[in-house]
Structure formats: structure tokens, C-alpha cells
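K.L.:
Fold the stuff below for me.
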Amino acid sequence: MEGMSHTNYFDFYSISDLGLVRVINEDCVASKSHGESHLFVVCDGMGGYNGGDVASNIAVNSLIEFFDQNVFDDYKVFFDKAIQYVQTKILEGQKSNIQFSSMGSTLVAIVIKEQKVYYAHVGDSRLYLRRKNKLLQLTKDHSYVQALIDEKIISKEEAETHPRKHLLLSALGVELQFTYTICKKPLIPQNNDLLMLCTDGLMSTLSNLQICTLMGGNGSLEQITQALLEGAHSEGAPDNTSIIMIKFHSLKETKGLVHRILSQIFLA
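P.N.:
Numbers count the residues shown, from 1 in each chain. The predicted structure follows:
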């Protein structure tokens with residue numbers, strides 16, 4: 001699955017790749033516009049033959065359904081209600097077919113509205129920002145190794161080779177200790193910023209330095225995204241890899257102290 005599109009102040013390209021080992025693509029990506037609001041979502045299903053692809057599709061489709069049928073001025077309220085709605089739909093899917101009783105999915109989603117970016121996530125699919133040659137991870141994984149990092153038990157480098165690095169502490173479809181994170185404030189994009197939503201098939205094969213370097217290529221969004229995918233393939237691509245790449249341009253300059261402070265907060 002792949003596609004490219006444009007708006008008056010950002011372009012985007014999306015792709016979902018099977019990889020070189022898996023026989024089922026459990027990832028699902030989508031985008032949808034509703035008035036001046038633009039939704040992007042990437043999900044990574046869990047369950048393999050027992051419904052991982054079903055879970056990610058339910059997650060994406062139910063989020064889009066909620067987005068289409070509801071209008072919110074408060075993005076926190078939107079994401080709070082939307083994720084709860086998605087969770088309900090996946091739990092219903094589990095109960096409707098015993099074969100899918102253990103299915104689940106990660107989710108990372110953004111809404112772009114009025115030149116602001118709001119985001120939320122569950123699990124270990126991520127949102128990155130590349131600005132002025134620096135790569136910033138805007139989301140923090142709901143994972144066992146991230147908890148160990150937070151408690152200073154292991155380093156980020158040790159987490160990369162930890163035997164339980166794929167163990168999630170929260171995901172859609174999990175009832176006990178289900179949690180999700182919504183950004184505290186919107187990201188204020190700048191011209192030439194690159195935003196990337198992706199599944200862990202990318203991060204499990206490429207380092208942050210490799211990702212940052214490839215995102216800094218001079219080609220089109222399609223070429224940059226394909227270069228990342230080729231990088232994953234060069235490392236064996238053991239998992240599905242899905243990416244939505246967004247580039248901002250033609251942004252109106254926003255004057256005022258509030259805008260500058262918000263930008264500084266997000267890049268601190």
C-alpha cells in the first residue's frame with residue numbers, strides 16, 4: 001500500500017511493506033481529511049494468524065469513522081474519546097470470534113489543523129520530527145524496556161538488544177492497565193519540517209542516526225520514504241514496516257511570543 005498527496009501547506013507520502021520474513025502484513029495506515037482537519041494514523045497489529053491484521057484494520061477504520069462523525073474543538077477530548085471508541089471496537093471484535101480473542105494493535109495518530117499538529121499513541125509505534133538536521137522522538141513507547149530506561153535500570157543502547165524489547169505494557173485490545181498518551185500541547189511546525197509516523201519494523205532495523213540521515217536526503221518524499229524502506233530491507237526486514245512521511249511548506253509566519261514559546265517547549 002502506498003500513496004502520495006498534497007495540501008496547501010504540507011505534502012505526504014505513505015507506504016506499508018510486508019518485509020522479507022513475514023507472510024502477513026499486520027500493519028495498517030490511512031489518512032483522512034474532514035474540513036480543515038487532517039488525520040493520519042499508523043497501526044501495528046498483534047496476533048499473527050490470530051487476527052493481528054484484523055486488529056490493525058479495526059483500529060484504523062474505527063478511528064476514521066469516529067473522526068468523520070464527530071467534530072471537536074478540543075483535541076484532547078477528541079483523542080480521549082476516539083481512542084476509547086477504538087478500544088471498544090477491538091474488544092467487540094475479540095468477543096465476536098474466539099479465533100481473534102488475543103488480537104491487539106498499537107496506534108500512533110496525528111491531527112493537523114490550522115497549522116498545528118496534535119498527536120496521541122498507544123504501544124510502540126512512533127512519531128518523529130526531523131528539524132534542522134536533528135531527529136526528535138515525540139512519542140514515548142508503552143513498553144517494558146522504556147520503563148526500565150525511565151527507572152535508569154538500563155540505557156537506551158542496552159534497550160536495543162534487550163531480550164524483552166518487544167514486550168508492550170499497553171496496546172489496543174488489552175483491558176488490564178490499558179493506557180494511552182495524548183500530547184500536552186500541539187506541535188507548531190516550521191517550513192521544511194519532516195514528520196514521520198512509523199511502526200517498529202523501521203526502528204528495529206535502523207538506528208536513529210541512520211533514520212535521521214536518510215530523512216535528510218534531497219529527494220522527494222517518496223524517494224526519502226523508499227530509502228528508509230530499502231534500509232530496513234538491507235538489514236533483513238524481519239517485520240512489517242509502515243511509514244507516513246509529511247513535509248511542511250508555505251507556512252504563514254506566526255508572530256507573537258506565544259508561538260515562539262510553544263516552539264521552544266517542544267524542542268527543549
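K.L.:
Ramachandran coordinates for the nearest residue to M103 once chain neighbours are set aside?
P.N.:
Residue nearest to M103 in three dimensions, not counting chain neighbours: G51, with 3.3 Å by CB to CB, 6 or more residues apart in numbering. Every C-beta, even on glycine, is put in place using the N, C-alpha and C of the backbone. Dihedral pair for G51: phi 110, psi 10, per degrees, to the nearest 10.
K.L.:
Tell me, how many residues neighbour G51?
P.N.:
Residues lying near G51 (other CB atoms under 10 Å) number 26.
K.L.:
Let me see the contact set for it.
P.N.:
G45, G93, N97, Q99, F100, S102, M103 (CB atoms under 8 Å, 6 or more residues apart in numbering).
K.L.:
contacting residues for the last one?
P.N.:
Spelled out, that is M103. Counting by CB under 8 Å, 6+ apart, M103 has contacts G45, M46, G47, N50, G51, G52, V54, A55, I90, G93, Q94, G173.
K.L.:
switch to 7 Å and redo it
P.N.:
By CB atoms under 7 Å, 6 or more residues apart in numbering, the contact set of M103 is G45, M46, G47, N50, G51, G52, V54, A55, G93, Q94, G173.
K.L.:
which among these end up buried?
P.N.:
G45, M46, G47, G51, G52, V54, A55, G93, Q94, G173 (16 or more other CB atoms under 10 Å).
K.L.:
Closest one to D200 out of these, please.
P.N.:
M46 (11.0 Å; CB to CB).
K.L.:
Angles on the backbone of that closest one, please.
P.N.:
phi -130, psi 140.
K.L.:
beta partners for it?
P.N.:
G104 (DSSP bridges).
K.L.:
these two touch, right, it and G52?
P.N.:
Yes. If you go by CB atoms under 7 Å, M46 and G52 touch, sitting 5.1 Å apart.
K.L.:
How about L167: what's its closest non-neighbour residue?
P.N.:
Residue nearest to L167 in three dimensions, not counting chain neighbours: Y144, with 4.1 Å by CB to CB, 6+ apart.
K.L.:
Could you give the number of residues near the one you found?
P.N.:
If we define neighbours as other CB under 10 Å, then Y144 has 16 of them.
K.L.:
where do the strands sit along the stretch 1-150 of the chain?
P.N.:
In the stretch 1-150 of the chain, the strands defined using DSSP state E, counting those that start in this stretch lie at 2-6, 10-17, 27-34, 37-46, 104-105, 107-113, 116-122, 126-131, 134-137.
K.L.:
Let me know which of those is the nearest to N192.
P.N.:
strand 126-131 (7.9 Å).
K.L.:
tell me what the closest one is packed against?
P.N.:
When contacts are defined as 3 or more CB pairs under 7 Å, 6 or more residues apart in numbering; DSSP states H and E, strand 126-131 sits against strand 107-113, strand 134-137, strand 194-198.
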